[in-house]
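S.K.: Provided below are the primary sequence and the corresponding predicted coordinates.
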Amino acid sequence: MTSSLDGLGRWRSFECLAALQRKRLPHVLALAARSPFYRARFSGANAPSSVADFLALDLTTKQDLRAQYPFGMLAVEHDRLATYHESSGTSGAPTSSYYTEDDWTDLRKRYARKWVGISPSDVFLVRTPYALMITGHLAQAAARSCGATVVPADSRSTAMPHARVVRVLHDLDVTLTWSNPTETLLWAAAARAAGYRPECDFPALRALFVGGEPLTPQRRRRISELWRVPVIEEYGSTETGTLAGQCPEGSLHLWSDRVLCEVFSPQTGRISPEGSGQLVVTPLYREAMPLLRYNLADEVEVSFADCACGWILPTVRVFGRSSMFAYPVGDTMVTQQQLEDLVFSLPPEREVLFWRAQAELRTLRIQIEVPEAQRATAVQELGAALNAALRIPHEIAAVAPGTLVPLPILTQDQDVLKPRGLFGPQEDWDKALLYY
Ligand SMILES: [Zn+2]
């Protein structure tokens, strides 16, 4: 048996993988018992220590984590912590997560498992948030551990508008990027607005790493066609780091040698190794904040069927919080994924990158941004696709480019202001302190 999957090693069999998980679990349970939360949960009972004990454990929920804000899950001395992060749900209540330096070794290795590899010759643009979340720091740490040159671009900073991203992508010969999928569409539009052709004016680019947002195969293919490079998806969370990565065949594989993944069915209450339901994770190498059967509540489908890539790792399809993105039109529930599928199935020459839809009780209203010359054809094709796939009443409006994503969003490149108090006679002192 190989001892690790670093790089992109392969397991001989699923049984080997399960054996590793079973061997690791008693250690994971012992670490967890050091945190105030699990110590309280196990009080009065014998602390779980075996695989059988683990399989009888209740789920740990997001509500549990919120209730333990900030350090109720802490299982090591404070001074061993390397970083602290938060994610906040729609309720606004923070969920803390924290990692030691050793935890970071595991985090970096999981992120770096990309089939195209990351090497010292790479220039790696990080375009996800840095503030409180883990995503930007994770990509930066993983890329640096592989020797790459990191360009920290953030995605929530006024210092880095899309026009500046396009300039950097082009002038620095960026080879790899990390962002959500929608960003890559915005860059394509911003590149065109700057006079570049995404398909040929960025020859150094060799892959786009994306995550943090559901992505249909149709949209992934369109992004790949636009930039003429592979789009490599991954899946994870601030509370866990990377959980799954995409293989050359286009499937997402769970990093099950590092995280034990299970599927919870809210309908039956059962927890199984595979099938459809909510993803439940137990990180196997985590000391600052051990999690036992943590329910991420993302809708997934996990399968142990063989994949053509040959990786002996289960595959996962991630639907996200699909209930949040499904709305009724008449008697039919409509999901964002269904519509994204249809919009990005339009031929590339229609040049549709941006769309939005509103599900009203009796009709679905869709707007697509499309150039004048393609408008009639695009509306007719999308209408036919909607009739074939969903059979619901709909109104499709073709709107001019710049309607859904205003042109200044793509072209502005304003200076970053600094705080200032003293102004000259001709200067506008209303700009005092305006750097915020
Ligand atoms: Zn595969």
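M.R.: Sure, I can see it. The model shown is predicted, which means the values in this text are computed figures rather than measured ones. Numbers count the residues shown, from 1 in each chain.

S.K.: need the helices for the protein, in chain order.
M.R.: Using DSSP state H, the helices found in the chain span residues 14-32, 36-41, 51-54, 62-67, 101-112, 135-145, 162-171, 181-193, 217-227, 336-343, 375-389, 407-411.

S.K.: Present those as JSON lines; the columns should include mean neighbour count, mean pLDDT and distance to the ion.
M.R.: Heads up, the C-betas are built off the backbone N, CA and C, glycines and all. Listed next are those as JSON lines, based on neighbours: other CB atoms under 10 Å; pLDDT from 0 to 100; distance: least, CB to the ion, whole Å:
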{"stretch": "helix 14-32", "mean neighbour count": "17", "mean pLDDT": "94", "distance to the ion": "14"}
{"stretch": "helix 36-41", "mean neighbour count": "17", "mean pLDDT": "96", "distance to the ion": "35"}
{"stretch": "helix 51-54", "mean neighbour count": "15", "mean pLDDT": "95", "distance to the ion": "27"}
{"stretch": "helix 62-67", "mean neighbour count": "16", "mean pLDDT": "95", "distance to the ion": "29"}
{"stretch": "helix 101-112", "mean neighbour count": "21", "mean pLDDT": "97", "distance to the ion": "17"}
{"stretch": "helix 135-145", "mean neighbour count": "23", "mean pLDDT": "98", "distance to the ion": "21"}
{"stretch": "helix 162-171", "mean neighbour count": "20", "mean pLDDT": "98", "distance to the ion": "29"}
{"stretch": "helix 181-193", "mean neighbour count": "22", "mean pLDDT": "97", "distance to the ion": "20"}
{"stretch": "helix 217-227", "mean neighbour count": "20", "mean pLDDT": "97", "distance to the ion": "14"}
{"stretch": "helix 336-343", "mean neighbour count": "20", "mean pLDDT": "94", "distance to the ion": "21"}
{"stretch": "helix 375-389", "mean neighbour count": "15", "mean pLDDT": "97", "distance to the ion": "27"}
{"stretch": "helix 407-411", "mean neighbour count": "15", "mean pLDDT": "94", "distance to the ion": "35"}
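
S.K.: Which residue is the nearest non-sequential neighbour of residue 56?
M.R.: The shortest distance from residue 56 to any residue that is not its chain neighbour, by CB to CB, 6 or more residues apart in numbering, is 7.4 Å, and that residue is residue 48.

S.K.: which ones are touching the one you found?
M.R.: 29, 42, 54, 56, 57 (CB atoms under 8 Å, 6 or more residues apart in numbering).

S.K.: What's the local residue count around the fourth one?
M.R.: By the other CB atoms under 10 Å criterion, the neighbourhood of residue 56 contains 8 residues.

S.K.: Which pLDDT does the model give it?
M.R.: Looking at residue 56, its pLDDT is 94.

S.K.: Look up how far the ion lies from it.
M.R.: Taking CB to the ion, to the nearest Å as the measure, residue 56 and the ion are separated by 33 Å.

S.K.: Can we start the residue count at 28 from this point?
M.R.: Taking 28 as the first residue, the last one we looked at is residue 83.

S.K.: The most centrally placed residue in the chain: what's it in contact with?
M.R.: Of all residues in the chain, the one closest to the mean position by CA atoms, centre = their mean is residue 239, 2.0 Å from it. Shown in contact with residue 239 (CB under 8 Å, 6+ apart): 155, 162, 207.

S.K.: Tell me the spacing between it and residue 68.
M.R.: Residue 239 sits 31 Å away from residue 68, going by CB to CB, to the nearest Å.

S.K.: same deal with residue 386?
M.R.: Separation of residue 386 from residue 68 (CB to CB) stands at 41 Å.

S.K.: Could you do residue 297 as well?
M.R.: Residue 297 sits 21 Å away from residue 68, going by CB to CB.

S.K.: swap in residue 446?
M.R.: Using CB to CB, residue 446 is found at 48 Å from residue 68.

S.K.: what does residue 421 give?
M.R.: Distance check for residue 421 against residue 68: by CB to CB, it reads 50 Å.

S.K.: can you check residue 423 too?
M.R.: Look at residue 423 and residue 68: by CB to CB, they are 53 Å apart.

S.K.: next one: residue 263
M.R.: Taking CB to CB, one finds residue 263 at 25 Å from residue 68.

S.K.: Same question for residue 428.
M.R.: In terms of CB to CB, residue 428 sits 55 Å off from residue 68.

S.K.: Next: residue 235.
M.R.: Between residue 235 and residue 68 the computed distance is 42 Å (CB to CB).

S.K.: and if you look at residue 298?
M.R.: Separation of residue 298 from residue 68 (CB to CB): 17 Å.

S.K.: same deal with residue 74?
M.R.: 10 Å.

S.K.: Poorly predicted segments of this protein, please.
M.R.: Under the criterion of pLDDT under 70, the regions of the chain flagged as low confidence span 28-37, 115-118, 349-351, 463.

S.K.: Can you name the residues of it that neighbour the ion?
M.R.: Remark: the part of the chain in contact with the ion comprises 274, 276, 278, 334, 336, using CB under 5 Å from the ion.

S.K.: residue contacts, the first one?
M.R.: Meaning residue 274. Counting by CB under 8 Å, 6+ apart, residue 274 has contacts 142, 280, 334, 336, 338.

S.K.: Can you give me every residue that contacts the first one?
M.R.: Translated: residue 142. Residue 142 sits next to 35, 259, 272, 273, 274, 275 when contact means CB under 8 Å, 6+ apart.

S.K.: of all these, which comes closest to residue 305?
M.R.: Taking CB to CB as the measure, residue 272 is the one of the contacts of residue 142 closest to residue 305, at 20.4 Å.

S.K.: ok, and the closest non-adjacent residue to the closest one?
M.R.: For residue 272, ignoring the flanking residues on the chain, the nearest one in space by CB to CB, 6+ apart is residue 261 at 4.7 Å.

S.K.: Run a quick neighbour tally on the one you found.
M.R.: Residue 261 - counted by other CB under 10 Å - has 21 other residues nearby.

S.K.: same check, this time on residue 265
M.R.: Neighbouring residues of residue 265 were enumerated by other CB under 10 Å; the total is 18.

S.K.: Wait, it touches residue 110, no?
M.R.: No - applying CB atoms under 8 Å as the test, residue 265 and residue 110 come out as separate, 10.8 Å apart.

S.K.: Now the stretch 78-227 of the chain against the ion: closest residue?
M.R.: residue 142 (9.2 Å; CB to the ion).

S.K.: Tell me what residue 308 is bridged to.
M.R.: residue 288, residue 321 (DSSP bridges).

S.K.: thought it was touching residue 287?
M.R.: Yes - between residue 308 and residue 287 there is a contact at 7.1 Å, judged by CB under 8 Å.
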